[in-house]
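Q: Build me a structure from this.
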Amino acid sequence: MATRILLVDVQGGSLAARAASLTPEREVVVSYNLAEAIALLNQLPPFAEVLCTCGSSDGDGIAFLAQALECAPKTTRILLVPHDHLDVVFEALNRDHIFAFLPDDCAPETFLHTIESAEKQYATNMAESELLEKTLNGSLQLLSEVLAMAAPKQFGRSQQLRECIHHLGTEMKAESLWELETAAMLAPLGYMTLPPTLLKKLNAAEDLSPEEQQIITRLPDTTSKLINHLPRLERVAEMIRFQNKEFNGKGFPEGAVMGDQIPLGARMLKVLNDLLDLEAKKKFKPTALAMMKDRFGVYDPAVLEAAHTCLVTKATTPDMVGVQELSAADIKAGQLLMDNAETKDGLILLIAGSRISKLGMERLRNYSELAVLKEPLYVK
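A: Numbers count the residues shown, from 1 in each chain. Next up, the predicted model:
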């Protein structure tokens with residue numbers, strides 16, 4: 001894919017004239033309007049670099065690049081400055097961390113060399129970001145699997161939720177799929193703070209006292225506070241905090257936040273959690289989604305429609321087609337568990353709908369070797 005470069009020419013021609021020297025191996029987009037340029041930076045695919053002229057002495061170009069940092073933090077930013085405006089350069093570099101500045105009459109070879117350096121910086125930014133996201137996501141996945149051993153009902157469901165939100169996020173072309181999946185994985189974390197007696201009552205679907213119900217209602221906020229201080233998980237924490245908030249503004253947490261003000265990830269979690277609840281009550285997906293559609297104002301209509309598209313319309317394979325009956329010795333990591341994996345005395349090890357991980361596979365085989373696992377296992 002060709003490198004995309006955005007030239008923002010608020011002076012009308014001085015920067016755009018250089019576009020010819022950057023083609024054809026680069027895709028160059030020229031904008032003469034700062035608002036239009038910000039809109040372009042918010043679109044996909046991303047730009048590797050954005051170059052902007054300084055503009056008038058009020059620093060329009062500098063202000064634009066500072067805003068560009070907010071909406072496209074990985075994009076490398078370069079400022080072209082007239083000789084009589086060099087006094088603004090140091091402020092721009094120190095305050096806004098602009099990668100480089102160039103005199104507006106710099107030589108073509110200097111201009112091209114800076115472009116090439118900026119491309120290398122962008123590649124470095126993207127590689128570091130990908131490495132961090134993969135490492136973080138892998139660590140959180142392992143944490144979720146370990147916690148599933150202690151609370152299989154709650155954390156086993158998070159695996160179902162993660163798979164659903166991946167499909168839903170893909171369907172809605174949401175940014176940062178890893179954040180959505182992380183929110184799904186960590187959403188049940190607050191359950192680990194519950195007293196064992198309360199967790200047991202929940203699993204047995206027993207009636208709760210008003211005080212116990214208040215604790216359960218606050219669980220999203222509890223979970224949000226547990227992870228909010230972790231680097232790069234601030235937005236994930238907000239998704240989890242608002243996961244039970246209705247689209248019309250009702251529900252926890254109390255306040256005036258409603259509609260599109262609720263984080264998109266939280267709106268997705270609301271739809272998928274309620275969908276899984278209805279499926280647990282033996283409702284098929286199409287029926288469950290139709291019931292949810294009748295709950296006017298509870299869900300984001302766009303999320304509900306996308307959920308129907310990716311989980312029903314595009315999911316054409318019947319649920320039980322391809323199901324195999326296997327012993328624990330024959331199962332493989334990545335297979336979908338179609339029924340609970342339990343011990344002979346009724347202890348749930350993994351819940352139906354879970355993807356069997358390597359850790360889960362080893363656990364099932366260990367129980368099988370001790371002759372306490374119910375077999376066969378139903379997987380696909």
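
Q: and the end-to-end length of stretch 225-232?
A: For stretch 225-232, the first-to-last residue distance is 14 Å (Cα to Cα, to the nearest Å).

Q: Next, the buried residues of it.
A: Within stretch 225-232, the residues scored as buried using 16 or more other Cβ atoms under 10 Å are 226-227. Heads up, the C-betas are built off the backbone N, CA and C, glycines and all.

Q: Distance from that stretch to the middle of the chain?
A: 15 Å (Cα atoms, centre = their mean, to the nearest Å).

Q: Then stretch 32-52?
A: Centroid separation between stretch 32-52 and its chain, computed with Cα atoms, centre = their mean, is 22 Å.

Q: Can you point out the buried residues in it?
A: Residues 34, 37-38, 40-41, 47-52 are the ones in stretch 32-52 that count as buried (16+ other Cβ under 10 Å).

Q: Then stretch 254-263?
A: If you call a residue buried by 16+ other Cβ under 10 Å, then stretch 254-263 has these buried ones: 262-263.

Q: do the same with stretch 289-298
A: Across stretch 289-298, burial judged by 16+ other Cβ under 10 Å covers 289, 292, 298.

Q: Kindly report the same for stretch 22-29.
A: Buried residues in stretch 22-29, defined by neighbour count with 16+ other Cβ under 10 Å: 22, 26-28.

Q: Out of the residues you listed, which is nearest to Arg355?
A: When the buried residues of stretch 22-29 are compared for distance to Arg355 (Cβ to Cβ), Glu27 wins out at 38.3 Å.

Q: just checking, the closest one touches Leu7?
A: No: counting by Cβ atoms under 8 Å, Glu27 does not reach Leu7; the two are 11.3 Å apart.

Q: now stretch 74-93: mean pLDDT?
A: For stretch 74-93, mean pLDDT rounds to 69.

Q: still on that earlier bit, farthest pair within the buried residues of stretch 32-52?
A: Farthest apart among the buried residues of stretch 32-52 by Cβ to Cβ are Leu34 and Ala48. That separation is 19.7 Å.

Q: Can you tell me which of the buried residues of stretch 289-298 is nearest Leu65?
A: Nearest to Leu65, judged by Cβ to Cβ, of the buried residues of stretch 289-298 is Val298 at 42.0 Å.

Q: how many other residues sit next to the nearest residue to the closest one once chain neighbours are set aside?
A: Spatial nearest neighbour of Val298, excluding adjacent residues (Cβ to Cβ, 6 or more residues apart in numbering): Glu246 at 4.8 Å. Glu246 is flanked by 17 other residues according to other Cβ atoms under 10 Å.

Q: do the same with Leu233
A: Residues near Leu233, counting by other Cβ under 10 Å, number 21.

Q: give me every residue that touches the residue lying closest to it once chain neighbours are set aside.
A: Excluding the flanking residues, the one nearest Leu233 by Cβ to Cβ, 6+ apart is Ile227, at 5.1 Å. Going by Cβ atoms under 8 Å, 6 or more residues apart in numbering, Ile227 touches 186, 189, 233, 236-237, 240.

Q: try 10 Å this time
A: Contacts for Ile227 (Cβ atoms under 10 Å, 6 or more residues apart in numbering) come out as 140, 182-183, 186, 189-190, 233-234, 236-237, 240-241.
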